[in-house]
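**Student:** The amino acid sequence is not available; the structure is as follows:
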């Protein structure tokens, strides 16, 4: 069982930045594709970004491309989501997730999930 713990959410004005972090409780961290998903009130959980185990490939939702950056530090079992030029519509609970196999952009590919961290963008 892998435990994922997110941190770094908060309240920021539109145009500002937040940095989300997720730490995993596994020594096999580099074997996992890591993803970030988000869920706004009344909406389904949606894909935001993902990074393969080696960090060689990254994927982004069109809505965040050019504004968000995903990265990882396998030595620290940590994945980071840098969020810049934030918009009100980025307000959501952000979840970190880990996957061994499957399409990195699909929720069903992920086996482990964190508890989520709230990011709120005010106008």
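**Tutor:** Alright, I've got the coordinates. Fair warning: this is a prediction, and the values are worked out from it, not measured in the lab.

**Student:** Now do the buried residues in stretch 34-52.
**Tutor:** 34-38, 45, 47-52 (16 or more other CB atoms under 10 Å). C-beta: built from backbone N, CA, C; applies to glycine.

**Student:** is the spatially most central residue of the chain in a bridge, and if so with what?
**Tutor:** Most central in the chain under CA atoms, centre = their mean is residue 36, positioned 2.2 Å from the mean C-alpha point. Per DSSP bridges, residues listed as beta-bridge partners of residue 36: residue 49, residue 96.

**Student:** dump the residue contacts of it.
**Tutor:** Contacts were defined as CB atoms under 8 Å, 6 or more residues apart in numbering; by that measure residue 36 touches 20, 22, 48-50, 70, 79, 81, 94-97.

**Student:** residue boundaries of the strands in this structure?
**Tutor:** Per DSSP state E, the chain carries strands over the ranges 4-7, 10-13, 18-24, 33-39, 46-51, 58-60, 68-73, 78-83, 92-99, 112-113, 117-122.
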